[in-house]
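Undergrad: need a structure here:
(one chain, ligands or ions: 1)
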Amino acid sequence: MIGQQLSGARAWVIGCGLLGLVLGAALGELAVRQQHHEEAATLAASYIARADQVHDEVVKVLAQTNAFAAPACSDEDIAYMRGMVIRSQFIKSVARLDGEQLLCGATLGRLSKPVALAPPNMITPGGMRVNFNANVAGVPDVQAMVVAHGRASVIVSRLSYTSLVDPRLDYAIVVDVAGKREHFISNDPEMDIDAIPLISSDTLTLKDRRYEVSCSKRYPGCIVATLASPPAVSESPVLQGFAALGLLTGMGGGLGISLCIGWLRSLRRRLRRALHNGDLTLVYQPIVRLADRHLVGVEALLRWKDESGKPVNPEVFIAIAEQAGFINEVTRFVVRRTLAELALQAKARPGFRITINISVQDLTNPGFLPFVAAQLKQRGLPADSLGFEVTERSTAEHEPLARGIQKLRDAGHSVYLDDFGTEYSSLSYLADLSIDAIKLDRVFTMHLDEDSNSASIAPQIVAMAKGLGLGLVVEGIEEERQAAYFLKLDPTAYGQGWLFGTPVPADRLFER
Ligand SMILES: Nc1nc2c(ncn2[C@@H]2O[C@H](COP(=O)(O)O[C@H]3[C@@H](O)[C@H](n4cnc5c(=O)[nH]c(N)nc54)O[C@@H]3COP(=O)(O)O)[C@@H](O)[C@H]2O)c(=O)[nH]1
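TA: The predicted model follows:
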């Protein structure tokens with residue numbers, strides 16, 4: 001037995017541990033991939049920040065050179081342009097133009113013959129003429145970005161852009177002016193720039209690679225980048241950490257489940273033993289007519305103390321008996337013991353009714369009604385001295401519940417719909433169920449003063465019950481004002497709760 005339990009626990013621990021490992025690894029992979037994307041996005045954003053700096057410098061130098069008033073290509077003019085270059089961070093040369101003809105420059109000096117500028121790749125809305133890969137006049141085999149505006153042009157070092165691009169990135173810098181898209185710089189010749197929507201902070205997947213797009217706010221240019229060769233996901237410490245955490249959490253969870261199952265199994269075994277030995281007891285709670293507080297009956301409530309003398313919550317052990325399939329035996333015990341303890345008192349009080357909680361499984365058990373009839377006969381009590389409280393716990397139970405209730409009524413018993421107003425017991429079912437009364441759940445009594453749904457619904461339920469000719473038992477009455485409230489709503493209502501008496505053993509029931 002112990003060996004079986006241990007191997008069961010081991011199976012839970014291993015099974016849940018493996019599940020945790022797989023889930024942890026999957027989560028870890030997601031986290032690692034996200035980390036890669038964030039890294040690419042950060043690099044791309046810092047790149048755009050650099051491109052903006054270059055842009056600002058170009059605009060400033062062109063504006064100042066255009067505004068310089070000395071005669072074009074005079075010594076003063078050339079000295080001014082040289083000063084510009086020296087003070088600039090990204091600009092390699094500044095030149096003076098006449099239309100599209102280059103006349104002189106900071107690095108070139110004065111040309112003996114004007115040189116024509118290569119036609120621009122694009123003209124910006126501000127009128128700047130940009131050539132991304134122009135030959136540099138006077139310097140063979142060197143290409144650079146040339147930007148011309150008015151009477152001035154500048155040469156921008158490609159290094160200004162490329163030096164900042166992290167070698168871990170595959171990227172393309174794309175400029176879009178008036179719908180014309182230009183591939184400015186790229187180290188990824190495979191990238192199809194026309195397929196890329198140039199919207200900042202967007203991400204897109206091309207050929208199974210996820211790209212980050214970061215755009216400048218100053219000019220219509222973006223960088224589209226992805227990590228060139230992200231470190232292998234499986235080797236990432238993040239993934240390994242997640243997987244280990246998943247494994248440990250899974251194993252812990254598995255151990256918890258196995259302990260819980262073990263506890264429930266042991267509780268089930270002990271409950272069976274207690275039932276078999278007759279170690280369960282019953283207490284009875286008064287039900288009174290609210291108008292005159294006359295005791296009209298009692299509800300039988302089962303109690304169980306485990307071996308250590310600790311009471312086990314009835315909601316727990318009743319649920320265990322229902323799930324384990326021996327609630328019928330429990331209910332029969334309750335019927336037998338209740339009648340044994342209260343038959344004499346019930347006989348002495350005409351109209352006195354004992355109510356017992358039953359489950360749907362009791363209603364569908366063909367032996368239940370004959371058993372109850374035999375017990376009542378043995379005690380010399382009429383059928384209407386025993387009532388039954390039923391609770392609808394799922395919509396699937398509705399049909400068998402309705403049939404079972406009808407059979408109880410046909411046999412002469414009263415039937416109460418318990419815990420009314422909670423979960424599945426709703427007004428829409430009332431008309432279908434052949435019941436005598438509803439027992440209004442104690443949530444309605446508890447929240448009477450509060451501005452809550454239950455406070456506003458209670459009067460409607462009471463009115464509906466009255467309209468259907470059903471009796472009303474209000475549960476959980478602990479204070480006079482609660483009794484007065486419901487009495488006003490329904491002068492024929494009954495009440496149950498600590499105000500009228502807590503559940504007590506049979507020998508203390510009629511002491512008061
Ligand atoms: N199938 C069976 N179910 C049973 C049986 N015995 C009990 N039960 C069900 O267990 C649930 C919990 O019952 P219990 O802890 O006994 O609580 C009952 C009362 O003690 C409590 N109550 C009564 N008055 C007050 C009050 O004024 N205030 C307050 N806080 N609690 C109060 O309410 C419970 C009775 O509820 P109900 O049955 O809904 O009328 C419970 O669902 C029992 O049905 C059994 O033999 N068989």
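Undergrad: now the element after the helix or strand hosting residue 456, going C-ward?
TA: Using DSSP states H and E, residue 456 sits within helix 453-467. Per DSSP H and E, the first helix or strand lying C-terminal to helix 453-467 is strand 471-474.
Undergrad: which elements pack onto that following strand?
TA: Identification of packing neighbours for strand 471-474 by 3 or more Cβ pairs under 8 Å, 6 or more residues apart in numbering; DSSP states H and E yields strand 437-440, helix 453-467, helix 480-489, strand 494-496. For glycine as for every other residue, the C-beta is placed from the backbone atoms N, C-alpha and C.
Undergrad: who touches it?
TA: Outside of strand 471-474, the residues within contact range by Cβ atoms under 8 Å, 6 or more residues apart in numbering are 287, 290, 416, 436-440, 444-445, 462, 465-466, 482, 486, 490, 492-497.
Undergrad: that strand: partners in the sheet, and parallel or antiparallel?
TA: Here strand 471-474 is paired, per DSSP bridges, with strand 437-440 (parallel), strand 494-496 (parallel).
Undergrad: which of those strands has the lowest average pLDDT?
TA: Mean pLDDT per stretch puts strand 437-440 lowest among the strands paired with strand 471-474, at a mean of 94.
Undergrad: could you pull up the mean pLDDT of the next helix or strand after it?
TA: Using DSSP H and E, the helix or strand that directly follows strand 437-440 along the chain is helix 442-446. Mean pLDDT, computed over helix 442-446, is 89.
Undergrad: what do you get for stretch 67-77?
TA: Mean per-residue pLDDT for stretch 67-77: 95.
Undergrad: check stretch 166-178 too.
TA: For stretch 166-178, the mean confidence score works out to 73.
Undergrad: quick one: contacts of it?
TA: Contacts of stretch 166-178 (Cβ under 8 Å, 6+ apart): 39-40, 43-44, 47, 51, 122-125, 130, 132, 161, 165, 181-188, 191, 193, 196, 198, 209, 219-229.
Undergrad: and it, how far out from the chain middle?
TA: 38 Å (Cα atoms, centre = their mean, to the nearest Å).
Undergrad: ok, residues contacting stretch 321-332?
TA: Taking Cβ under 8 Å, 6+ apart as the rule, stretch 321-332 contacts 268, 271-272, 275, 280, 302, 318, 356, 358-359, 361-362, 365, 367-368, 371.
Undergrad: distance from stretch 486-506 to the middle of the chain?
TA: 42 Å.
Undergrad: near the ligand at all, stretch 367-378?
TA: No. For stretch 367-378, no contact with the ligand is found by Cβ under 6 Å from any ligand atom; the gap never falls below 12.5 Å.
Undergrad: relative to residue 217, how far out is the residue lying farthest from the centre of the chain?
TA: Using Cα atoms, centre = their mean, the residue of the chain lying farthest from its centre is residue 112. It sits 75.5 Å away. From residue 112 over to residue 217 the distance is 44 Å, taken as Cβ to Cβ, to the nearest Å.
Undergrad: re the thing from before, report the entries of the contacts of stretch 166-178 that also contact the ligand.
TA: Applying Cβ under 6 Å from any ligand atom to the contacts of stretch 166-178, none is adjacent to the ligand.
Undergrad: can you flag the buried ones in those?
TA: Among these, those classed as buried by 16 or more other Cβ atoms under 10 Å are 39-40, 43-44, 47, 51, 122, 124, 130, 132, 161, 165, 181, 184-186, 188, 191, 193, 196, 198, 219-227.
Undergrad: quick one, strands of the stretch 1-150 of the chain?
TA: Listed in chain order, the strands of the stretch 1-150 of the chain (DSSP state E, counting those that start in this stretch) span 91-98, 101-105, 109-116, 122-123, 129-135, 143-149.
Undergrad: in JSON lines: those, plus mean pLDDT.
TA: Supplementary listing: the strands of the stretch 1-150 of the chain in JSON lines, determined by pLDDT from 0 to 100:
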{"stretch": "strand 91-98", "mean pLDDT": "94"}
{"stretch": "strand 101-105", "mean pLDDT": "94"}
{"stretch": "strand 109-116", "mean pLDDT": "91"}
{"stretch": "strand 122-123", "mean pLDDT": "82"}
{"stretch": "strand 129-135", "mean pLDDT": "85"}
{"stretch": "strand 143-149", "mean pLDDT": "90"}
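Undergrad: which residues of this protein fall in helices?
TA: 2-67, 75-87, 159-162, 237-277, 314-324, 327-348, 360-363, 368-379, 398-410, 427-430, 442-446, 453-467, 480-489, 506-509 (DSSP state H).
Undergrad: any idea which of these has the lowest pLDDT on average?
TA: Confidence, taken as mean pLDDT, is least for helix 427-430 of the helices of the chain (a mean of 69).
Undergrad: and the stretch 251-400 of the chain, which residues reach the ligand?
TA: So the stretch 251-400 of the chain meets the ligand at 285, 299, 301-302, 314-315, 318, 334, 357-359, 389 (Cβ under 6 Å from any ligand atom).
Undergrad: let's see 8 Å
TA: Within the stretch 251-400 of the chain, the positions adjacent to the ligand are 282-283, 285, 299-303, 313-315, 318, 322, 327, 330-331, 334, 356-359, 362, 389, 391 by Cβ under 8 Å from any ligand atom.
Undergrad: just the buried members of these?
TA: 282-283, 285, 299-302, 318, 322, 327, 330-331, 334, 356-359, 362, 389, 391.
Undergrad: just give the closest residue to residue 288, not the sequence neighbours.
TA: Closest residue to residue 288 in three dimensions, ignoring its sequence neighbours and counting by Cβ to Cβ, 6 or more residues apart in numbering: residue 500, at 4.8 Å.
Undergrad: my guess is the one you found meets residue 292, correct?
TA: No. At 11.9 Å, residue 500 and residue 292 do not qualify as touching, with contact defined as Cβ atoms under 8 Å.
Undergrad: for residue 257, which non-adjacent residue is closest in space?
TA: Closest residue in space to residue 257, ignoring its immediate chain neighbours: residue 12 at 5.4 Å, by Cβ to Cβ, 6+ apart.
Undergrad: and that neighbour, how far is that from residue 33?
TA: 31 Å.
Undergrad: just residue 13 next, same as before
TA: 30 Å.
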